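Peer 1: Task: produce atomic coordinates for the following.
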Amino acid sequence: MPHELVAVILAAGLGTRLMPLTSLRPKCLCPIDNVALLDLAVASVRPYAAHIAVNTHYLAEQVEAHVAGTGIHLSPERDALLGSGGALGHLRAWIDGRPVLVRNADAYLTDDLRDLVDGWTGEHPRILVRNIHRPADFGTFRYVGVCLVPGATVATLPDAACGLYERVWKPAWDDGTLELVEAQGDVVDCGTHADYLTANLLASGGRSVIGDGAVVEGTAVRCVIWPGAYVGPDEHLVDVVRADRHITIPGVVVK
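Peer 2: So this is what the prediction gives:
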């Protein structure tokens, strides 16, 4: 592993497909088995990274309050979202030539990242993938939200909106230098209501997840009940995400 790997967690997204859940909190703070996605991401990179940065944009004040006092470096993108490549370009001075472990905050993964990190020379980009056995961006392999980017590559990225796929991964794939590591555990991109519920049920072993301070007087089967939410005595909820007393996502199809 290259000396002094740093981590950047991408947490600035709008979470549009998770609305109305994300009207209450940014996607990165939506809980999986009562632990924020951002906290799961931080825990997964911390064993390998000397320092951690998190980019912010949507509901940035909530993210800033959540990580206050943790030593995590915040990278606000106040004017506009910069994308995965621009987020690194915006952090170029902080990264300071070091190799970077990049992690999507909204990816639920059970893999230890050691298989990704071990043996990496830092010369070429390396990505974590899952074989979906149909055409994808890299043969039949789909990116699942974690990658390693050489420090020299970060130095070429602009402080402007751009993506790692276009600027880094696709060129490396085309010239045969993109390194792929296949994920072995559970992988869920928590971008939709169904996927968000699926990740919770994987994490909980299939039981309903009841948040702190939630009151369930009726029944909740394979549900996620957020902290402070309420299920009335006459309600029988199945495959539902209830975020508060007013926001319920019914009829979610679990994968």
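
Peer 1: ranges for the strands of the stretch 51-200 of the chain?
Peer 2: 52-56, 73-76, 100-104, 107-109, 126-136, 139-149, 179-182, 187-189 (DSSP state E, counting those that start in this stretch).

Peer 1: Out of those strands, flag the one nearest residue 238.
Peer 2: strand 187-189 (19.9 Å; C-beta to C-beta). (C-beta placed from N, C-alpha, C; glycine too.)

Peer 1: Show me what that closest one pairs with in its sheet, parallel or antiparallel.
Peer 2: strand 107-109 (antiparallel) (DSSP bridges).

Peer 1: Any idea how far the partner strand is from the middle of the chain?
Peer 2: 6 Å (C-alpha atoms, centre = their mean, to the nearest Å).

Peer 1: tell me, how many neighbours does residue 13 end up with?
Peer 2: Other residues within reach of residue 13 by the criterion other C-beta atoms under 10 Å amount to 21.

Peer 1: Now for it: which residues touch it?
Peer 2: By C-beta atoms under 8 Å, 6 or more residues apart in numbering, the contact list for residue 13 reads 26-28, 57-58, 81, 106.

Peer 1: Next one: residue 44, what pLDDT does it get?
Peer 2: With respect to pLDDT, residue 44 scores 98.

Peer 1: returning to that earlier point: turn the strands of the stretch 51-200 of the chain into a markdown table, including mean neighbour count, distance to residue 155 and mean pLDDT.
Peer 2: Listed next are those as a markdown table, based on neighbours: other C-beta atoms under 10 Å; distance: least, C-beta to C-beta, whole Å; pLDDT from 0 to 100:
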| stretch | mean neighbour count | distance to residue 155 | mean pLDDT |
| --- | --- | --- | --- |
| strand 52-56 | 23 | 16 | 98 |
| strand 73-76 | 16 | 17 | 98 |
| strand 100-104 | 24 | 11 | 98 |
| strand 107-109 | 24 | 26 | 98 |
| strand 126-136 | 16 | 18 | 97 |
| strand 139-149 | 21 | 10 | 97 |
| strand 179-182 | 16 | 19 | 98 |
| strand 187-189 | 21 | 29 | 96 |
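
Peer 1: can you redo these as CSV with distance to residue 230?
Peer 2: As requested, the strands of the stretch 51-200 of the chain are exported to CSV (distance: least, C-beta to C-beta, whole Å):
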stretch, distance to residue 230
strand 52-56, 30
strand 73-76, 34
strand 100-104, 32
strand 107-109, 26
strand 126-136, 37
strand 139-149, 33
strand 179-182, 43
strand 187-189, 27
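
Peer 1: can you tell me which of those strands comes nearest to residue 227?
Peer 2: That would be strand 107-109 among these, by C-beta to C-beta, at 18.7 Å.

Peer 1: still on that earlier bit, what subset of the contacts of residue 13 is buried?
Peer 2: 26-28, 57-58, 106 (16 or more other C-beta atoms under 10 Å).

Peer 1: Of all the strands of the stretch 51-200 of the chain, which one is nearest residue 40?
Peer 2: Residue 40 lies closest to strand 107-109 among the strands of the stretch 51-200 of the chain, at 7.0 Å (C-beta to C-beta).

Peer 1: Check what contacts that closest one and list those residues.
Peer 2: In contact with strand 107-109 (C-beta under 8 Å, 6+ apart) are residues 32, 37, 40-41, 44, 128, 144-146, 183, 185-190, 199, 202-203.
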